[in-house]
Every structure is written in structure tokens, then in C-alpha cells.
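S.K.: Structure for this input, please:
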Amino acid sequence: MAKVYATGRRKTSIAKVWLEAGNGQITINGQTLDAWLGGHEAIKKRVMQPLEVAKQETSVNVVVKTLGGGYSAQADAVRHGISRALVAFDEQFRAVLKPHGLLTRDARAVERKKYGRKKARKSGQFSKR
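M.R.: Numbers count the residues shown, from 1 in each chain. Prediction:
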């Protein structure tokens, strides 16, 4: 089957994901998953979760380009992108991935700072005078 493309997002991070039949190689920004994330095992598990749920760890190759945010948000964007690419690759994966919440975009983002405030919600100390 041909390459499929999908986009994953989380906070301000974007992951462009290309997925094709292969032997289980994952390349993120030109590096392997281990080189890209280093010793963050829990985050590596989050990235691998859609492949493990769909039982495709050794049968597809994944190439990813990430932009924006930190490595944790980027990892969640990669996870979302891989999930969407798997569904584009084979529609039968939707029934497996959807109950795990892997196709849902996590829309939580940082609230903007308002003028006259110290942070988004924190204001100065109240004084009656």
C-alpha cells in the first residue's frame, strides 16, 4: 500500500506524519525515537500507544516532522498523528483506536494573559482604599 499522511496536534505543537508498510522503524525529525526523546520512557510509551493498540509495531514505518511546543506536547501530537494515519491506512483501525481516545484531539491549551492582571487569572491584592 502507498504512503499515507496525517496531521496531529496538541497545545501549540504540530506533527506531520507519513506512514507506510514496513518493518517498524520510527523516525522523528531525522532521528530515531530513542535519540529524539532520550530517557523519557513514559513519553516513548505514549508515542507508541496507537501502534501497540493496533498491533502494528513491526509492520509499518513512521516518518514524523514536528513543529512548535515542547517535547511532551510534540509527543502527544505525534501520537494523535500516528492514530489518524493508521485510520487513513486502514479504516478498520478506527474501531480499535477510538475506544482508547486516540483519535480525539486534546484541545486544552494555555489560557491567554489578560491586561491589568499579573497572569491569566491572578490579579493584584485587593485593598479597600
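S.K.: Going by C-alpha atoms from here, please, whenever you check contacts or count neighbours.
M.R.: OK.
S.K.: How many neighbouring residues does the closest residue to Asn29 other than its chain neighbours have?
M.R.: Excluding the flanking residues, the one nearest Asn29 by CA to CA, 6 or more residues apart in numbering is Lys65, at 5.0 Å. The tally of other residues near Lys65 (other CA atoms under 10 Å) stands at 16.
S.K.: Go ahead and confirm Lys65 touches Val17.
M.R.: Yes. Between Lys65 and Val17 there is a contact under CA atoms under 8 Å: 6.7 Å.
S.K.: In this structure, where is pLDDT below threshold?
M.R.: 1 (pLDDT under 70).
S.K.: where do the strands sit along it?
M.R.: For the chain, strands defined by DSSP state E occupy the ranges 4-10, 13-21, 26-28, 31-32, 60-67.
S.K.: burial count for Ala95?
M.R.: Using other CA under 10 Å: Ala95 sits among 11 other residues.
S.K.: Right, I'll call it a day here.
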